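Colleague: sequence below, structure please.
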Amino acid sequence: MDDKIYFTYQHIHKLVHKLVQDIISSGFTFDCIVAIGTGGFIPARIFKTYLNKPIFTVGIQYYDENNNPSESPRKIQWIDEVERKLKGKRILLVDEIDDSRTTLVFCLNELLHHEPKQVAIAVIHNKKKIKNADFPHEVVYFCGEYIEDKWVEYPWSALDIDEHDRCAAINEYT
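Modeller: Numbers count the residues shown, from 1 in each chain. Here you go, the predicted model:
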C-alpha cells in the first residue's frame, strides 16, 4: 500500500470546497464547467453544488485497462454543438488529478479551438513531478493540494468502499 494514496469522499468534498473558496477569492468567474471523464465527473458535480453552473462532459482516454498510458490521449466523447455552447464562454475545466498533464493539455487545446473567452483549470490533486507540458500563461490554474508521485485510489473507483476507507484512514493525507 506504500505505493498508493487513498482518499475518502469526505476529503475530496472538503478539497472542492477549498477550491471553490480559492476561485471566488481570485475573482475568476465562469459560465460553465467542463468535466473530464471519468475522474472529473464527481468533483465537477460537487463544484455545481457550490457554484450552480451547468456541466458539460468530455471523455478523454489516455490510460488502457491496465492503467498504462497510451501514446497520446484521444477523444471518446465530446460536447454536442460545442461551438455554440463554448464560444465566448468562460470555462472551468475540471479533472481529479494533474499527473503528467498530458490529458489536461490535450483537452485544453481542444477547448481553445472553440474560442472560449477564458479557461481556468481546477484539479483536486497535483502530483509533485515534472510535467509533459505547460499551460499557456492566460490559463488560470487551481489545485486543491499537491501530493507525492504515487498511484492515487479515488473512492469512486473502489469495488469495496469500506476497505477503501480503511486504507484511506492510514494515509497521511486524510
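Colleague: centroid residue for the protein?
Modeller: Against the mean C-alpha coordinate of the chain, by Cα atoms, centre = their mean, the closest residue is Asp95 at 1.0 Å.
Colleague: what about stretch 123-139, start to end distance?
Modeller: Distance across stretch 123-139, first residue to last, is 13 Å (Cα to Cα, to the nearest Å).
Colleague: stretch 124-139 now?
Modeller: Stretch 124-139 has its terminal residues 17 Å apart, counting by Cα to Cα.
Colleague: so how far is that stretch from its chain's centroid?
Modeller: The chain centroid and the centroid of stretch 124-139 are separated by 12 Å under Cα atoms, centre = their mean, to the nearest Å.
Colleague: cool, and stretch 4-12?
Modeller: 14 Å.
Colleague: same deal with stretch 110-129?
Modeller: In terms of Cα atoms, centre = their mean, the centre of stretch 110-129 is set 9 Å apart from its chain centre.
Colleague: returning to what we had before: now for the helix or strand harbouring the residue nearest to the centre of the chain, which elements pack on it?
Modeller: Here Asp95, judged by DSSP states H and E, is contained in strand 90-98. Where contact means 3 or more Cβ pairs under 8 Å, 6 or more residues apart in numbering; DSSP states H and E, strand 90-98 is packed against strand 32-37, helix 41-51, helix 102-112, strand 118-127. Every C-beta, even on glycine, is put in place using the N, C-alpha and C of the backbone.
Colleague: tell me what angle the third one forms with strand 90-98.
Modeller: Helix 102-112 and strand 90-98 meet at an angle of 170 degrees, taking axes from the mean of the first three to the mean of the last three Cα atoms, to 10 degrees as the criterion.
Colleague: could you check the angle strand 118-127 makes with the strand holding Asp95?
Modeller: Using the same axes, to 10 degrees: strand 90-98 against strand 118-127 is 10 degrees.
Colleague: got a list of contacts for strand 90-98?
Modeller: Contacting residues not belonging to strand 90-98 are listed as 23, 28-36, 39-40, 42-44, 47, 53, 103-104, 107-108, 111, 116-127, 131, 143, 152, 154 [Cβ atoms under 8 Å, 6 or more residues apart in numbering].
Colleague: lovely, talk soon.
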